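Trainee: A predicted structure for the sequence below; I have some questions about it.
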Amino acid sequence: MTEFLLHLLLTAVLLLVVAHFVRGVQIRGFGSAVIGAFLLGIVNALVRPVMVFLTFPITIVTFGLFLLVINALMLWLVAALVPGIRVSGFGAAFFGALLLTVLNLLIELLLPGF
């Protein structure tokens, strides 16, 4: 349970970092970021696998780059569901999801198994 809460809080902080660096991504406060991080986890666990399955042929043709589009759509979906998070368009969602992915990879490199 402690590991889950730490991961949730870290993802919330990363969402705030994304909002700071990506124009078009706005998060009202830390509470909205925590709710967004929680919902992003749920969306990534339930909706993303279905999207990956349905778009598998496109993903193969694009050598996996279409997964970045799916990540952007998941972030955009979360922004549509959480009142304190706003993503102004697909470009902002794309670059926000890209930065969030890179930051999560860096965290995974620095803290293996986290």
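Mentor: Arrived safely, thanks for sending.

Trainee: So what's the residue count around Thr101?
Mentor: A count of neighbours around Thr101, defined by other Cβ atoms under 10 Å, yields 16. (Each C-beta comes from the backbone N, C-alpha and C, glycine too.)

Trainee: Offset the numbering so it begins at 56, please.
Mentor: Done: numbering now begins at 56, and the last item shifts to Thr156.

Trainee: From the chain's centroid, how far away is the helix or strand hosting it?
Mentor: Assigned by DSSP states H and E, Thr156 falls within helix 145-165. On the basis of Cα atoms, centre = their mean, to the nearest Å, helix 145-165 sits 7 Å off its chain's mean C-alpha point.

Trainee: Touching that helix from outside, list them.
Mentor: For helix 145-165, contacts defined as Cβ atoms under 8 Å, 6 or more residues apart in numbering pick out 65-66, 69-70, 72-74, 76-80, 123-124, 126-131, 134, 142, 169.

Trainee: Just the CA trace of that helix, in CSV.
Mentor: Taking C-alpha atoms only, helix 145-165 is exported to CSV below (Å, rounded to 0.1, in the frame of the first residue of the first chain):
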residue,chain,number,x,y,z
PHE,A,145,-3.9,17.0,-29.3
GLY,A,146,-0.5,18.5,-29.7
ALA,A,147,-0.3,19.5,-26.1
ALA,A,148,-1.6,16.0,-25.1
PHE,A,149,1.1,14.4,-27.4
PHE,A,150,4.0,16.4,-26.0
GLY,A,151,2.7,16.1,-22.5
ALA,A,152,2.4,12.3,-22.8
LEU,A,153,5.8,12.1,-24.4
LEU,A,154,7.4,14.1,-21.6
LEU,A,155,5.5,12.1,-19.0
THR,A,156,6.8,8.8,-20.6
VAL,A,157,10.4,10.1,-20.6
LEU,A,158,10.2,11.2,-17.0
ASN,A,159,8.7,7.8,-15.9
LEU,A,160,11.5,6.1,-17.8
LEU,A,161,14.1,8.2,-16.0
ILE,A,162,12.5,7.4,-12.6
GLU,A,163,12.6,3.7,-13.5
LEU,A,164,16.3,4.0,-14.3
LEU,A,165,17.1,5.9,-11.1
